[in-house]
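Novice: Predicted model follows, preceded by the sequence.
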Amino acid sequence: MGLHQGCTSSLGKIYTLLFVAYVLFSILCLTTVISESTASLAISVSVVEGDTFRPGQSFHIITEIRNSKSSGRVDVKVTYEVTDVKDNSILVESTTVAIETLSSFSEEIKLPETIKGGVYLLKANVTSLDGTKYAEVSRSLSVVEVSENQQLLIEYIMGGALIITAGGFFYEHKRISKLKVSEDDLKKFIELQK
């Protein structure tokens, strides 16, 4: 009986070891499936107004999220972050959207009035509602500070251009109205040509 108990104890350890290996393998496979499904989302961002802005200015972005492995509706959180070149966060905004195969939507972002001139990075990332990161994209944008004197000069130049254009239209209208030919004058001209 002592030999039988020794074999049973060894078999029990082997079965326990196999069970633990099976559980670990299952967790590994599940993690692989989750990471494959998270890689199925892709995000792209385009800025409508260009890539140069002033402090306090708003701009619109169009965000497109594609789900290449559509397995029904997925709710995700899209976070937009503006960072400086040292990766210091300047602005963070987020929204929640539902995606099946493709979702495209527009967002408005307003830069802070206190932002300094320079190059910044707009990052957009998609995460699940529990925080699992799916995809991230970034693009650069520039902030240009315009002093009050420069702004005043620009306004004077634009106002002057508007006045010159209006004066030109008024002059051309007067000149063309003097050139108008009446119906009687046209008939006389045609008679003289015959």
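Specialist: Ah, there it is. Please read these numbers as outputs of a predicted model, since none were measured by experiment.
Novice: And the helices in the chain, which stretches?
Specialist: Assigned helices in the chain, in chain order: 2-38, 148-178, 183-193 (criterion: DSSP state H).
Novice: Domain map for this structure?
Specialist: 1-38, 40-143, 148-193 (automatic domain parsing).
Novice: hang on, the earlier thing: between the helices of the chain, which gets the lowest average pLDDT?
Specialist: Mean pLDDT values for the helices of the chain show the minimum at helix 2-38, a mean of 51.
Novice: before we move on, back to that, point out the most buried one among the domains of the chain.
Specialist: Per residue and on average, the most neighbours among the domains of the chain fall to domain 40-143, with a mean of 14 (mean count of other Cβ atoms under 10 Å). The way it works is simple: take the backbone N, C-alpha and C, and place the C-beta from them, glycine included.
Novice: Now do it, average pLDDT.
Specialist: Computed over domain 40-143, the mean pLDDT rounds to 90.
Novice: Centroid-nearest residue for the chain?
Specialist: In the chain, the C-alpha closest to the average C-alpha coordinate belongs to Val45, at a distance of 3.2 Å (Cα atoms, centre = their mean).
Novice: That residue and Ala161, how far apart?
Specialist: Computed with Cβ to Cβ, to the nearest Å, the distance linking Val45 and Ala161 is 35 Å.
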